[in-house]
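Trainee: curious how this folds, go ahead:
(chains A and B)
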Amino acid sequence: MIDLNERFIEKRSFFNRLIIVYAFFGFAFSFFLYQTYSLQVSEYSEYETAAIENKTKEVLVQPIRGIIYDRSGKIIVNNVPTYDLIIRPSKIRSIENFLSEISLIINLNSDELNYVKENFDLKARYNRELVVKKNLSKEEIARFEVRSYKFPNTFIDVRYSRHNNYPKLFSHAVGYVGGVSNDELINILDSQKLPQIETIFKYSNGFQIGKTGLESTYDDLLRGKFGRKIYEVNAVGRLLDERQFIKPINGENIFTTLDIDVQKVAYDQMDNRRGAVVAVEIDTGSIVSYVSTPSFSTNAISNGISSSEFNTLIKDKNKPFFDRASQGRYSPASTIKPAIGLFGLENNIIDWDFSLDDPGYFILPEDQRVYRGWREGGHGKVNLNKAMIVSSNTFFFSLAYQSDIYKLIDYLSNFGFGANVCADCFNPDKGLLPTPEWKMNNLNFGWYKGDTVNLGVGQGYLSATPLQLAYYSSVLANKGESKDLSFVFDKTDLKNSYIKSQNISDLDWKKLHQSMIGVIDSPIGTAKRLQELKKYIVAAKSGTVELVSTETKEDYKIIRENEGNRDHAIIIAFGPMPNPKYAVSVVIENGESGGSVAGPVAIAVLNSLLDK
Amino acid sequence: MKKELIFKNFSVYFDHYLFISITLLSVMGLFFLYSASHGDLNSVIKQSIFVGFGLCLMLILSQPDPDFYKLFSSLFIILSIALMFATMIFGKEINGAKRWLNFGFFTLQTSEIIKIALPIFLASYLYNKPLPISTKHTFITLALICFVFYLVYSQPDLGTGLVVFMAGVYILFLAGLSWKFIFTSFGLVVLSLPFLWNNFLEPFQRQRILTFIDPSNDPYGSSWNITQSKIAIGSGGMSGKGYQEGSQANLNFLPEAETDFIFAVIAEEFGFVGICILLAFFFFILLRCLYLAFNARDRFCRLTIGGLSLVFASTLFINLGMVVGIIPVVGMPMPFISKGGSSLLSFYIAFGIIISMATHKKLMQK
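Mentor: I've put the predicted structure just below:
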């Protein structure tokens, strides 16, 4: 046993040691309280935010895309509602029972049954909706509605598909929509300052964005702004209460300058031949008709198409997807002659009285090379007026020969060659306005005098799109003044331009117009066959684009055996004269004759425009 | 200060400070549990049966004279060790851990019992050893501590194992372990830490410690719990979100909300003010134990009260420290509050014994 003294020492040692341990815990708990204080008081707002972020989830609600109208207010593209059968899996106890009961009312095929079975559990866990069947028929809707009391967690909701009322007429002008890629969607959400990508779809094929044409260039406006549904969620991401609904702002409607009737005339006139028609209103620069043929159905592309049909379209050698109107490059050929003539007048190389003898060819003095006209034997004595009417190559070869290439290129650029002339076209090509530098850089050859001579008749390296040719046509019609082309009214930022000239008077323009009227009205005009088709006085200039250079008509007969070698037919026209309102360009690939093949299309389009 | 309630000739040993504060804590625990379990009345009823039973047990265990515990302490520890072995053989495996013995109506976590039995036994073994404790007795004691620790640790249950280990060490220290030994072994432990790290810790335990040091390591892995716990506590702010209004707990962001992380639920719903009030009860109990230890009748009682109160303090601190992220996650219930019968009962037993030690006067003394 321990004695009293030891007992006292023991007691004191125990007290000291217990106090030491208690002190340690006192320190530990103080530290704990300090930590709790910093979490709850000093850093409160951070943790409060974190807790709110934890428990809320925003689901985006898709806006409805804007409607696209024609110039008279008729709908071109609309959203067509379809009715889908939708369930709330989290509130349905047995999917097997549900499917056997609903199958009695609405027929489900094996794909639909499998889709529902595969996705049921996942959607139930997160409390999401599940689409059982898309695009119900009217009978199915009626059968469901009368029995809907049996299916408390099942409902029919409207979904939309993008529908073009004239799917082939506007396939290139208006274009089509398609599913959005993840990256594209992230960009769109960033632009609307939205972080999430889970979306309630309003479209039966998910969120759609414009892929081509106006659907693409005006996608920002048509698209609208996402709305948001803010839900409370639990830790596994299941949606609980809906806390807030910020409605989406539907897309803006677009009122285009396109005219359905004229578009239809142009499309029918093209009759599936390869080519393009562009018609513009001269005063406003607005595009009235924009056709590229052959075409395809935008509805099939926007809302689903079988892969075999798609492959047929892709492999079609006539390339229906190719937008010839703004991306097809064609030599302007003889349609360039009015501009060359104006250049000659401006630079005092010629005047209206100047004439020369056209033997049917032009010999380049430098190397004795022969440049031929279209007519063997030539046109005899020609001045500018006659050269335009009969389309004398010799006259313009000679004129170009006397021209300074840089001045000529600069002058041609006034007419939109080598430039973008459209404010809202989808991916327009600029064509090519060749310069000596361009030739050296790209072909590794210096510029020959012969190149300038060829330029005088629109052959050689110069190329333009039908869209540029329509612009060119409207510049000629409007006596050098022009506005950039556009598909919508009231586009405020359209570029105005006019050709600065010192030597060209209003009289010169009138004479030029007169000679272009003569192209159709004169008995020797290259497009005289159009006389019986036209209802109004129309100025025009036809062209025939040589794809293969031949010496004689016999040679051409051989090469035209292959359709792809035949000349392109091309025409620019405007009317009614003397105060033209509309300008048109038509290109028909391998159509051979500008006047008699492309011409009737241009006249029909102008007739239908002016009949209004 | 009354230490006995006298009913006619029959006296009931009773410390109303401890009894009232423990009862209040237990009732508050039920109230918190109702919220943490999203209003699951069943688990609250089950827990309240434990509380009622535990309070009675505490009262009953206060009655025997401390000599009874001294006398039977070896039996207690042998029985507890036998239970541990039984657990090893017949135990119920949950999530890869074998910690529970199924008695049909009640599943007992046996390590909770040995957590009490070990310090009582060591107190009865060391109370008559002269100061400072000799090397021989120190090693015998340490061997027993390590043996018991290993039994718990191998279940595996590192958290309870550490508390059991500390319980033993507290008694040894309070009984008068020589300072020389303390400093020497402390040095050795520090030197052997790398060895322990590599050989004694399971990979998931190492990961927990690593994430504790750098929580940004894996936000959805082992630090998910602690991240969510901190959000719950922090978002409670000064005055809390209100009873049953805690979104972290109600929407299941907080893991183990009814058991290990119940403090986070309380902090979220009642704020800093609420937890200060709650902690005041705990601190009051600890200080009361300190007072009782100082006034205990003999060395055995002193050691037992001191040791058991420190077990209580350690459990509380490990739980709280883990929940606020100042120590790694080891899995430790909050005394009297967390759901779970074994831990609850072990502390009623501990306080029953503490009250017995504090209230019985030695007839010979004074």
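Trainee: CA only for contacts and neighbour counts going forward, please
Mentor: OK.
Trainee: quick one: find the helix or strand in chain B with the lowest mean pLDDT.
Mentor: strand B:4-7 (a mean of 64; mean pLDDT, DSSP states H and E).
Trainee: pLDDT of the helix or strand following that one, averaged?
Mentor: Next in sequence after strand B:4-7, counting helices and strands by DSSP states H and E, comes strand B:10-13. Averaging the model's pLDDT scores along strand B:10-13 yields 78.
Trainee: repeat for stretch A:536-546
Mentor: Mean predicted confidence for stretch A:536-546 is 93.
Trainee: repeat that for stretch A:180-191.
Mentor: The average pLDDT for stretch A:180-191 rounds to 82.
Trainee: list the buried residues in that stretch.
Mentor: By neighbour count on 16 or more other Cα atoms under 10 Å in any protein chain shown, the buried set for stretch A:180-191 is A:180, A:185-186, A:188-189.
Trainee: ok, B:Tyr13 to chain A distance?
Mentor: Computed as Cα to the nearest Cα, to the nearest Å, the B:Tyr13 to chain A distance reads 24 Å.
Trainee: wait, that residue sits on B:Ser356?
Mentor: Yes. Using Cα atoms under 8 Å, B:Tyr13 is in contact with B:Ser356, at 6.8 Å.
Trainee: quick check: neighbours shared by the two?
Mentor: B:62-63 (Cα atoms under 8 Å, 6 or more residues apart in numbering or on different chains).
Trainee: who's more crowded, the two?
Mentor: Between B:Tyr13 and B:Ser356, counting by other Cα atoms under 10 Å in any protein chain shown, B:Ser356 is the more crowded of the two (28 against 25).
Trainee: in terms of secondary structure, what does the one helix or strand that one maps to contact?
Mentor: For B:Ser356, the host element (DSSP H and E) is helix B:341-359. The contact analysis (3 or more Cα pairs under 8 Å, 6 or more residues apart in numbering or on different chains; DSSP states H and E) places helix B:341-359 against strand B:10-13, helix B:41-61, helix B:66-90, strand B:107-109, helix B:110-126, helix B:262-294, helix B:299-324.
Trainee: the same query, at a cut-off of 6 Å, please.
Mentor: With contacts defined as 3 or more Cα pairs under 6 Å, 6 or more residues apart in numbering or on different chains; DSSP states H and E, helix B:341-359 has these neighbours: helix B:41-61, helix B:110-126.
Trainee: between the shortest one and helix B:299-324, how big is the angle?
Mentor: Using axes from the mean of the first three to the mean of the last three Cα atoms, to 10 degrees, the direction of helix B:110-126 lies 150 degrees away from that of helix B:299-324.
Trainee: same deal with the longest one?
Mentor: Interaxial angle of helix B:41-61 relative to helix B:299-324 (the same axes, to 10 degrees): 160 degrees.
Trainee: so what secondary structure elements neighbour helix B:41-61?
Mentor: Checking 3+ Cα pairs under 6 Å, 6+ apart, helix B:41-61 ends up next to helix B:341-359.
Trainee: and the residue of the stretch 51-200 of chain B found nearest chain A, which of the three is it?
Mentor: Closest contact between the stretch 51-200 of chain B and chain A, by Cα to the nearest Cα, is at B:Leu174 (5.4 Å). Three-state call for B:Leu174 (DSSP: H, G, I helix; E, B strand; the rest coil): helix.
Trainee: name the nearest residue to it, ignoring sequence neighbours.
Mentor: In this structure, B:Leu174 finds its nearest non-sequential neighbour in A:Phe14, 5.4 Å apart by Cα to Cα, 6 or more residues apart in numbering or on different chains.
Trainee: quick one: that neighbour is in a strand?
Mentor: No. Counting by three-state DSSP, A:Phe14 falls outside a strand, being helix.
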